[in-house]
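> After the sequence you'll find the predicted model.
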Amino acid sequence: NIQQGLEIAPQILEELQKYDPYLDAHKVMIFRYKLAWLYFCSAQKRQALVHLNAIFNHEAAHLREDLQIYAQLLALLTHYDLENYSILEYRILSCERFLKKAKNTDALQVLILQLLKKLTSTKYQHKLTLYQQALSRVKALRADVYLRRSFTYLDLILWLEHKLSKKSMESILQSRFLAQ
């Protein structure tokens, strides 16, 4: 439940800061990413960026290239939702360069970048079509066993369903949970 997560988030942050010198940098970055995702899903985009920036600026950020990639992609989605288009264009190029240097990029990561590039240069009335096309492509990718980790870190289906239905991501997640 996102609301319950948001209620305990300040306590988690307090504990992270309190014990930071004693914690494994990897675990701290994972917590930050999960907090960013939580805020992203609850439409608190600016708060999500705070946690993503903490990942980018962490002294041990180089330890988890995969997490850096997911954090960059989540930051791109966040900037898109905030309509920070001037920042987004630069960030897309930066993320593309990072992905080219990375050892393990996958089809979902590439699809997100391609989608955001198209969305930033598409008029509003045509964006719905792009969301629908991307959703069908992403659902097809979900069957790929090698992409499970990508879907664990970045639920693009949720974001696209949110864009298409105009429902909150939280309500979509709740519907999914009740349907299980």
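Arrived safely.

> Going by C-alpha atoms from here, please, whenever you check contacts or count neighbours.
OK.

> Tell me who's in contact with the residue nearest in space to the middle of the chain.
Against the mean C-alpha coordinate of the chain, by C-alpha atoms, centre = their mean, the closest residue is Leu74 at 2.6 Å. Applying C-alpha atoms under 8 Å, 6 or more residues apart in numbering, we find Leu74 in contact with 37, 154.

> element containing it, please.
helix 65-81 (DSSP states H and E).

> how much space is there between Glu170 and Leu178?
12 Å (C-alpha to C-alpha, to the nearest Å).

> Neighbour count for these two, which is higher?
Glu170 (19 against 8; other C-alpha atoms under 10 Å).

> Which elements pack onto the strand or helix carrying the more buried one?
Assigned by DSSP H and E, Glu170 falls within helix 169-179. Judged by 3 or more C-alpha pairs under 8 Å, 6 or more residues apart in numbering; DSSP states H and E, the packing partners of helix 169-179 are helix 156-165.

> re earlier: which of the residues in the helix holding Glu170 are buried?
By 16 or more other C-alpha atoms under 10 Å, the buried positions in helix 169-179 come out as 169-170, 172-173.

> Show me what stretch 46-53 is in contact with.
32-33, 35-40, 71-72, 75, 78.

> Just the mean pLDDT for it, thanks.
Averaging pLDDT along stretch 46-53 yields 96.

> Pick out whichever of the buried residues of helix 169-179 sits closest to Ser86.
Proximity of those to Ser86 was ranked by C-alpha to C-alpha; the top entry is Met169 with 25.0 Å.

> ok, now which ones touch that closest one?
Contact partners of Met169, counting by C-alpha under 8 Å, 6+ apart, are 41-43, 158-159, 162.

> let's see 7 Å
41-42, 158-159, 162 (C-alpha atoms under 7 Å, 6 or more residues apart in numbering).

> separation between it and Lys34?
15 Å.

> try Thr152
Noted for Thr152: a distance of 11 Å to Lys34, by C-alpha to C-alpha.

> repeat for His51
Applying C-alpha to C-alpha, the value for His51 to Lys34 is 9 Å.

> Glu89 too?
Counting by C-alpha to C-alpha, the gap from Glu89 to Lys34 is 25 Å.

> now do Ala48
Distance of Ala48 to Lys34, given as C-alpha to C-alpha: 9 Å.

> Same question for Lys101.
Distance from Lys101 to Lys34, by C-alpha to C-alpha: 25 Å.

> now do Val50
Using C-alpha to C-alpha, one obtains 12 Å as the distance from Val50 to Lys34.

> try Leu158
Counting by C-alpha to C-alpha, the gap from Leu158 to Lys34 is 15 Å.
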